[in-house]
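# What follows is a predicted protein model with its sequence.
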Amino acid sequence: MRKHSSLLLKISVGFVLGIIFGFAVGPFVSSTPLLADYVMPFIDLVGKIFLRLLMMLIVPLVFTSLVAGAASVGDARKLGRIGIKTLVLYLLTTAVAIVIGLVCGNLFQAGAGMNIPGDLQATAREAKPIVDVILDIFPSNPIASMVNANMLQIIIFAIFFGVACIIAGERGKRISDAFENIASVMYSLTHIVMLTAPYGVFALIAGTAAKFGLAILAPFAKVIAAVYIGCIIHAVAVYSFMVVVSCHRSPLWFFKGIQEAAITAFVTRSSSGTLPITLSNVRENFGISEGVSSFVLPLGATINMDGTALYQGVCALFVAQAFNVPLTLDMQIGIVATATLASIGTAGVPGAGLIMLTMVLTSVGLPIEGIALVAGIDVILDAARTCLNVIGDTAVCAVVATSEGEQLTV
Ligand code: ASP
């Protein structure tokens, strides 16, 4: 435990020092060759190595632990029950997040009175049609799914494989035991990678802070505030409520237990990249079983994006206000529906939510040129929404584990 909290302390120190360092050196980077040619590229390299180490873990960790988890549940009906509870909670929390986003967007009026030049270039790509999103869940070649790190396809194949291990009897048991062993080696590897987290966190946040500086915040202060405050309200109100009511634990216990995952999500801006740490946090700090966590969390990192949904609500309103498009109540209800779908379809990688914002804007008839307005500060918004995305997965995981009779550690 002591080892764990000293790592957490180091990660937090890395985070704070990174922000201070980034803001302090940012204004001098372009005029100082030493900074521009050596220091910042090296910091960038350290951040990128940390990201790669995290990405390296994901496919083998998720696949082996999900096969072992599905096989250990041992009962297809229980697996189905966990699945339904998880999906319902994911959808409900996402819808609440968008409503909070819309309320914040209405309150802050971030886009009101903005004078937008008419020649903005949209930087967005087309969002995928929903039928393709559904078809994409099913793998045609599981090896290709792993090569491409396609999480939903990996999840589907792993569950089928785990269930098949149960049906195959003694031989299947030997295979799922082997997967269990590989999964524990992958956890040990996760711990090794975590030792580099303080440096990786420092490097990533320092790079971002240096690049953006404080000056960028001013013109977009309201939209940034709306997203950050919305995320804090959602985390504090909705997740605390879930944890208190369903798990009978204090919000402090919950937020303390997932701090490492939250900080990592903030700096990496990737739910998928954070997944190894999210898994290790809920298992080690909450005592949640492999059967529940290895199903709920990878699925959440792929489809449950409360932060993204909230951000889409705020940004849709921001664009409407900036372009003086009056948004009626039924248009806002349309935003809730499309932003829920868009957030499900958003990949757990940096910046994906911005691309899916095009789908929301188009579906309610808002100009997609608005994307260009948000694009400049998207990194800052992405940090907060990814953090909320990951915290949301852990909250649902804790609720599902409790509802399955698991005793969460104190
Ligand atoms: N970066 C977010 C995530 O990984 C997705 C998004 O861009 O909204 O959860």
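Perfect, I can see it now. Predicted model, so just to flag it, every value in this text is computed and none were measured. Numbering: from 1, shown residues only.

# how about stretch 370-384 against the ligand, any contact?
Yes - judged by CB under 6 Å from any ligand atom, stretch 370-384 comes into contact with the ligand at residue 382. In this view, the C-beta of every residue, glycine as well, is placed from N, C-alpha and C.

# Output that stretch in PDB, but only the C-alpha positions, please.
C-alpha atoms of stretch 370-384 as PDB (Å, rounded to 0.1, in the frame of the first residue of the first chain):
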ATOM      1  CA  GLY A 370     -18.300  25.300 -36.100                       C
ATOM      2  CA  ILE A 371     -15.900  22.400 -35.700                       C
ATOM      3  CA  ALA A 372     -13.100  24.800 -36.700                       C
ATOM      4  CA  LEU A 373     -14.000  27.000 -33.700                       C
ATOM      5  CA  VAL A 374     -13.600  24.200 -31.200                       C
ATOM      6  CA  ALA A 375     -10.600  22.500 -32.900                       C
ATOM      7  CA  GLY A 376      -8.100  25.100 -31.600                       C
ATOM      8  CA  ILE A 377      -8.800  24.300 -28.000                       C
ATOM      9  CA  ASP A 378      -9.800  20.700 -28.400                       C
ATOM     10  CA  VAL A 379      -6.800  19.300 -26.600                       C
ATOM     11  CA  ILE A 380      -7.800  21.200 -23.400                       C
ATOM     12  CA  LEU A 381     -11.400  20.000 -23.700                       C
ATOM     13  CA  ASP A 382     -10.200  16.400 -24.600                       C
ATOM     14  CA  ALA A 383      -8.200  16.200 -21.300                       C
ATOM     15  CA  ALA A 384     -11.300  16.800 -19.200                       C
END
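
# which residues touch that stretch?
The contact list for stretch 370-384 (CB atoms under 8 Å, 6 or more residues apart in numbering) reads 111, 114, 116, 120-124, 208, 211-212, 216-217, 220, 223-224, 227-228, 231, 266-267, 269, 307, 311, 315, 318-319, 322-323, 350-351, 353-354, 357-358, 361.

# give me every residue that touches the residue in the stretch 51-200 of the chain positioned nearest to the ligand.
Going by CB to the nearest ligand atom, the ligand is nearest to residue 151 of the stretch 51-200 of the chain, at 11.1 Å. For residue 151, the contact set (CB under 8 Å, 6+ apart) comprises 58, 62, 272, 298, 301, 302, 348.

# Against residue 253, how distant is it?
29 Å (CB to CB, to the nearest Å).

# With residue 385 instead?
Distance, residue 385 to residue 253, by CB to CB: 24 Å.

# Compare the two (neighbour count), which wins?
When residue 385 and residue 253 are compared for neighbours, residue 385 comes out ahead with 32 against 17, by other CB atoms under 10 Å.

# Model confidence for that one, exactly?
Here, the pLDDT recorded for residue 385 equals 97.

# and it, what is it in contact with?
Counting by CB under 8 Å, 6+ apart, residue 385 has contacts 227, 231, 305, 307, 308, 310, 311, 353.

# residue contacts, the closest residue to it other than its chain neighbours?
Leaving aside its sequence neighbours, residue 385 sits nearest to residue 307 (CB to CB, 6 or more residues apart in numbering; 3.1 Å). Contact analysis of residue 307 by CB under 8 Å, 6+ apart lists 97, 231, 234, 384, 385, 386, 387, 388, 389, 392.

# which residues touch residue 190?
57, 61, 276, 277, 279, 280.

# Name only those of these that count as buried.
57, 61, 276, 277, 279, 280 (16 or more other CB atoms under 10 Å).

# Just the ones of those in helices?
Members of the buried ones among the contacts of residue 190 lying in helices (criterion: DSSP state H): 57, 61, 276, 277, 279, 280.

# Can you lay out these as a markdown table showing distance to the ligand and pLDDT?
Listed next are those as a markdown table, based on distance: CB to the nearest ligand atom, whole Å; pLDDT from 0 to 100:
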| residue | distance to the ligand | pLDDT |
| --- | --- | --- |
| 57 | 16 | 90 |
| 61 | 17 | 89 |
| 276 | 14 | 95 |
| 277 | 13 | 95 |
| 279 | 15 | 95 |
| 280 | 18 | 94 |
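
# Nearest to residue 86 among the residues you listed?
residue 279 (14.9 Å; CB to CB).

# so that closest one touches residue 292, yeah?
No - using CB atoms under 8 Å, residue 279 makes no contact with residue 292, being 11.0 Å away.

# Next SSE downstream of the helix or strand of the chain with the lowest mean pLDDT?
The least trusted helix or strand in the chain, going by mean pLDDT, DSSP states H and E, turns out to be helix 130-135, with a mean of 78. Remark: after helix 130-135, the chain's next helix or strand is helix 142-147, criterion DSSP states H and E.

# Buried residues in that following helix, which are they?
142, 145, 146.

# so can I have TSV of the residues you listed showing pLDDT and distance to the ligand?
Listed next are those as TSV, based on pLDDT from 0 to 100; distance: CB to the nearest ligand atom, whole Å:
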residue	pLDDT	distance to the ligand
142	96	23
145	93	19
146	93	19
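
# Secondary structure class of the closest residue to residue 269 other than its chain neighbours, three-state.
The spatially closest residue to residue 269, leaving aside those adjacent along the chain, is residue 350, at 4.0 Å (CB to CB, 6+ apart). Using DSSP: H, G, I helix; E, B strand; the rest coil, the structure places residue 350 in coil.

# Now do residue 350: how many residues are near it, please.
Around residue 350 there are 19 residues (other CB under 10 Å).

# Enumerate every residue touching it.
268, 269, 270, 379, 382, 386.

# any idea how far the ligand is from it?
Look at residue 350 and the ligand: by CB to the nearest ligand atom, to the nearest Å, they are 5 Å apart.

# show me what contacts residue 110?
Applying CB under 8 Å, 6+ apart, the residues contacting residue 110 are 220, 222, 223, 225, 226, 314, 317, 318, 321.
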